[in-house]
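1. Pasting the sequence and the predicted model now:
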Amino acid sequence: MSPSPRPVTALVVVAMQEEAEPFLHALPGRAHAPAVELPGPAQAWSLDLDGREVVLLRCGVGLVAAASALASALAQVAPGAIVSAGTTGGLGRTVEVGDVCACTEAAYNDVDATAFGYAPGQTPGQPAVFPADAALVARVREVGGAALRAATATSGASRVHVGQMLAGGSFVTAANVGATRSLFPQAVSTDMETTAVAQVARAHATPFLSVRGVSDLCGPEAGQDFHIGADEAAARSAAVVLAVLR
């Protein structure tokens, strides 16, 4: 008989090592915590947040990588919250490079079963959107702005945008950003993991949130910056996530 998953404060999911590094630099490891075994190249760390355990999971890029690694982790730990963190592409017209986006709900940007009566982005048998936890969203609104402004030497003028976040298996670029904005006019950002993380969190009845730093814009307007380093965007995401969890 398998042991019951051990309780932890939160499970933070990132795709890439650059997105994991800000958490690894900010929090000490818990040396004697049981290892979280994961498939393939995915990796997990047990970190100490003010005496409470947070598991950081690097899943790899993409919906399947995120879902499979997270499902494996949830067989071993029972988090109070699941947070998708790291970098994202800015989609909303008021979103700028260096800002942070946090979700009220997550949807798939490239699922199309509308011929059978489903909403754009809705997978048959699943809801059209996956809501974020209301208490976690309220916490972002409370502490996110100050945390972002203090995150790095250059983040003082950046803003937190709270709204719908998208994810899919295809990049949104200048070539298709218009269609995506038309289908999802309230969306602030898009990445390749958030909605898969949200779907798995819902299946496990665990509170969910996504907080990601904008590293590039899907459809930059004239005069807008269009890119910053993933390490800088990830540091801004991590600062907001840690403020929310504290």
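-> Cool, the structure landed. Bear in mind the structure is a predicted one, so any value in this text is a computation, not a measurement.

2. rest of the way, CA atoms for contacts and neighbours
-> Noted.

3. now the one helix or strand A73 maps to: mean pLDDT?
-> A73 is part of helix 63-74 when elements are defined by DSSP states H and E. Here helix 63-74 scores 98 as its mean pLDDT.

4. Which neighbouring elements make contact with that helix?
-> Helices and strands in packing contact with helix 63-74 are listed as helix 194-203; criterion 3 or more C-alpha pairs under 8 Å, 6 or more residues apart in numbering; DSSP states H and E.

5. which residues touch the helix it packs on?
-> The contact list for helix 194-203 (C-alpha atoms under 8 Å, 6 or more residues apart in numbering) reads 13, 63-64, 66-67, 70-71, 82, 84, 106-108, 130-132, 165-168, 207-210.

6. which ones among those are found in strands?
-> Secondary structure from DSSP state E places 13, 82, 84, 106-108, 130-131, 165-167, 208-210 of those in strands.

7. Turn these into TSV, including neighbour count, distance to E21 and pLDDT.
-> Listed next are those as TSV, based on neighbours: other C-alpha atoms under 10 Å; distance: C-alpha to C-alpha, whole Å; pLDDT from 0 to 100:
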residue	neighbour count	distance to E21	pLDDT
V13	27	12	98
I82	27	18	98
S84	27	15	98
A106	30	25	98
A107	28	27	97
Y108	27	27	97
F130	24	28	98
P131	20	28	98
M165	33	23	98
L166	29	24	98
A167	27	22	97
F208	31	22	98
L209	29	20	98
S210	31	18	98
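
8. Quickly name whichever of the residues you listed is closest to S155.
-> Distances from S155 to these, taken as C-alpha to C-alpha, are shortest for S210 (19.3 Å).

9. Quick check: which ranges of this protein have low pLDDT?
-> When the per-residue scores of the chain are filtered using pLDDT under 70, the ranges that remain are 1-2, 220-226.

10. Next, name the residue at the spatial heart of it.
-> S84 (2.7 Å; C-alpha atoms, centre = their mean).

11. what residues are up against that residue?
-> Remark: with contacts taken as C-alpha under 8 Å, 6+ apart, S84 is in contact with V12, V13, V14, E193, T194, V197, L209, S210, V211, R212.

12. Make TSV out of those and add distance to A146.
-> Conversion of those to TSV gives the following (distance: C-alpha to C-alpha, whole Å):
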residue	distance to A146
V12	21
V13	23
V14	22
E193	26
T194	24
V197	26
L209	18
S210	18
V211	14
R212	15
